[in-house]
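Asker: coordinates only, no sequence provided:
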């Protein structure tokens, strides 16, 4: 960063600040790029030290002479230049920063240009209204007419910022310049003009849109570059929300239909992602008369990415469609997606298919939807089956669990034994929800043993998640259920030869403390824990100390004094002299909590 501007000399700068300013200026000229970047981030401090006059007269020209630096340095300047608004002497001098923004808005690196545009927004929002016409309008129009295309790209992002504050004559200049950018020779300029089109159009009257902006909109929608055409989808949504019905029908709807059959799959994919928003904006009549056919074509598209995006919008789109269209047009396409060759398409379908049940009603759900759902439950992909199981609430409320359980159980068992531990982890987290739907008797008969098997899994996260599940299940089914179904397993595990099994039993008791009565804690849980204070494995003793600490923290004030003093305190004192320092720490902390409880009682 080279410059001949004598920043650190002369003026009325306080001598105490002069050295610091000189140091920062030297860093701005340093050979090391990282030093220059850090110095750029301190431009606000330099400006404050220099004062408003020297900032305008010396610092800004110095920066302007230095914009041929590395992109990372320019990015640092572009990000900080908008923060100098309080350092140039007030609102009436903010225009002085635009010269730097103009230079940065022309560089090749898009991240620098984007940062410069954001800084321009900060600057212009603080300018007096009369300065908008005097300084900002010429600034934007000058960028829009530059020979180098990067300047014109940046200009497209600036028109809408102050448009509503301009007088009519300047608004017309802005509109004419923007329309020219929409037909620019450079595709990247047209793409950015299309991307920012709706931001400007939203500030226009309906008459202005109809008379001036429909033609450039149609040209952008028919552009030979798919990167431009893809931007037309957002414009369609905006126009559909503002234009009268006849213009929606004649101008917007044909463009949407054309996008649905576009030769570029990315354009069709973008429509599939936004089909619900566009349909909602166009209204029920056009959606049910025309758009449903476009949606159906997207569901049957030759590209899997398009089908997957359309499938994710199935439930939303069906909420807008008449029931007969769903049954006769959409559901046949969904049957094909259930057997799609792409796993991603089937997974997308599985994620939303349950949401169709309330829309269809019980009879049609049983006849039309349930066969597809059961087929997805038998899918070879664990992700597909998992998506179905994770969203059973909706369909269960419509048809009841009896119709689901026959196919649901095998799918859960398959996922529970999946080779990927993350799949097993996901199904564990879903078990309490499934248990609530199936009921206690069905769960005890079919799934209870599965939950206990997870506690012996090879993966720590699975064992811990299985232990946490016991808390949720006990909260759901009650303490008596836990005594009957869980305690026998814990009693076997706490004397297991594998120390990991013994630790898992302690994890289980840790979480159960939150839902068990004091009587059960004193009669069953604590005695089991106390049997393990002399375990040969330090990690087990550490977990014992942690578990006792949790019991004291959560239920200590409810425990009987005799039990606390005769059972828990001696055990903690034994552990407080353990050879392992972590064991000593947790047991000592627990003893301190016991003492605090005793003082509160006194």
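Answerer: Now that the structure is in, tell me what you want to look at. All figures in this text were calculated on a predicted structure; none of them were measured in a lab.
Asker: in stretch 349-364, what's buried?
Answerer: Across stretch 349-364, burial judged by 16 or more other C-beta atoms under 10 Å covers 349-357, 359-360, 364. C-beta here means a position set from N, CA and C on the backbone, and glycine is covered the same way.
Asker: now, which of those lie within strands?
Answerer: The members of the buried residues of stretch 349-364 all map outside strands under DSSP state E.
Asker: pull the most distant pair out of those residues.
Answerer: For the buried residues of stretch 349-364, the maximum inter-member distance is 20.5 Å, found between 351 and 364 (C-beta to C-beta).
Asker: so the nearest residue to residue 589 once chain neighbours are set aside, which of the three states?
Answerer: Spatially, and ignoring its direct neighbours in sequence, residue 589 is nearest to residue 549 (5.9 Å; C-beta to C-beta, 6 or more residues apart in numbering). Secondary structure for residue 549, judged by DSSP: H, G, I helix; E, B strand; the rest coil, is helix.
Asker: so how far is residue 532 from residue 549?
Answerer: Distance check for residue 549 against residue 532: by C-beta to C-beta, to the nearest Å, it reads 14 Å.
Asker: okay, these two: which has more neighbours?
Answerer: The residue with the greater number of neighbours, taking residue 549 and residue 532 and applying other C-beta atoms under 10 Å, is residue 549; the counts read 24 against 21.
Asker: what's the neighbour count on residue 347?
Answerer: Residues near residue 347, counting by other C-beta under 10 Å: 23.
Asker: next: residue 79.
Answerer: Using other C-beta under 10 Å, the number of residues around residue 79 comes to 19.
Asker: which residues are in contact with it?
Answerer: With contacts taken as C-beta atoms under 8 Å, 6 or more residues apart in numbering, residue 79 has the following neighbours: 115, 118-119.
Asker: also residue 307?
Answerer: Residues near residue 307 by C-beta under 8 Å, 6+ apart: 272, 298-301, 337, 340, 342, 345.
Asker: next: residue 469.
Answerer: By C-beta under 8 Å, 6+ apart, the contact list for residue 469 reads 428-429, 431-432, 451, 454.
Asker: related to what we said a few turns ago, counting neighbours, which of the contacts of residue 79 comes out on top?
Answerer: Using other C-beta under 10 Å as the neighbour test, the contacts of residue 79 are led by residue 119, with 25 neighbours.
Asker: for stretch 389-397, what is the average pLDDT?
Answerer: Averaging pLDDT along stretch 389-397 gives 73.
Asker: pull out the buried residues from that stretch.
Answerer: For stretch 389-397, the neighbour count (16+ other C-beta under 10 Å) marks 389-392, 395-396 as buried.
Asker: what's the burial count for residue 575?
Answerer: Burial of residue 575 is recorded as 25 neighbouring residues (other C-beta under 10 Å).
Asker: for residue 45, that is, sorry about that
Answerer: Residues within reach of residue 45, counting by other C-beta under 10 Å, total 15.
Asker: check residue 418 too.
Answerer: Each residue near residue 418 was counted by other C-beta under 10 Å, and the total is 16.
Asker: one more: the one 4 residues further on?
Answerer: Counted with other C-beta under 10 Å, residues neighbouring residue 422 total 13.
Asker: if I look at it, what pLDDT would I see?
Answerer: On pLDDT, residue 422 comes in at 82.
Asker: the one 5 residues further on too?
Answerer: Reading off the confidence values, residue 427 has pLDDT 82.
Asker: quick one: residues contacting it.
Answerer: Residues in contact with residue 427, defined by C-beta under 8 Å, 6+ apart, are 386, 389, 412, 415-416, 418.
Asker: buried residues, the host helix or strand of it. List them.
Answerer: Using DSSP states H and E, residue 427 sits within helix 421-438. For helix 421-438, a neighbour-count test (16+ other C-beta under 10 Å) marks 423-428, 430-438 as buried.
Asker: regarding residue 321, what is its secondary structure?
Answerer: Taken by three-state DSSP, the conformation at residue 321 corresponds to coil.
Asker: please read the previous query as pertaining to residue 533.
Answerer: In three-state terms, and counting by three-state DSSP, residue 533 is coil.
Asker: okay, now it: neighbour count?
Answerer: Using other C-beta under 10 Å, residue 533 has 19 other residues around it.
Asker: list phi and psi for it.
Answerer: Summarising the backbone geometry of residue 533 under the convention degrees, to the nearest 10, its torsions are phi -70, psi -20.
Asker: I'd guessed it sits against residue 544; true?
Answerer: Yes: Residue 533 sits in contact with residue 544 when judged by C-beta atoms under 8 Å, with a separation of 5.5 Å.
Asker: closest one to residue 204 out of the contacts of residue 469, please.
Answerer: residue 429 (50.0 Å).
Asker: my guess is that closest one contacts residue 465, does it?
Answerer: Yes: with contacts counted by C-beta under 8 Å, residue 429 reaches residue 465, the gap being 6.7 Å.
Asker: returning to what we had before: need the residues touching each of residue 533 and residue 544.
Answerer: Contact criterion C-beta under 8 Å, 6+ apart; residues bridging residue 533 and residue 544 by contacting each: residue 575.
Asker: got the contact list for residue 463?
Answerer: 454-457, 500, 504, 507.
Asker: quick check on the residues you listed: which are buried?
Answerer: Burial by neighbour count, 16+ other C-beta under 10 Å: within the contacts of residue 463 this picks out 454-457, 500, 504, 507.
Asker: of these, which belong to strands?
Answerer: With strands defined by DSSP E, no entry of those lies inside them.
Asker: mind checking which of those residues land in helices?
Answerer: When helices are assigned by DSSP state H, the members of the buried ones among the contacts of residue 463 inside them are 454, 500, 504, 507.
Asker: which ones are touching the first one?
Answerer: To tie it back to what came earlier, the one meant is residue 454. Applying C-beta under 8 Å, 6+ apart, we find residue 454 in contact with 416, 424, 428, 462-463, 465-466, 469.
Asker: among those, which two are most distant?
Answerer: Between any two of the contacts of residue 454, the greatest separation by C-beta to C-beta is 13.7 Å, found for 416 and 463.
Asker: how many neighbours does the residue nearest to residue 432 when sequence neighbours are not counted have?
Answerer: Of all residues not flanking residue 432 in the chain, residue 472 sits nearest, at 4.1 Å (C-beta to C-beta, 6+ apart). Using other C-beta under 10 Å as the criterion, residue 472 is surrounded by 17 other residues.
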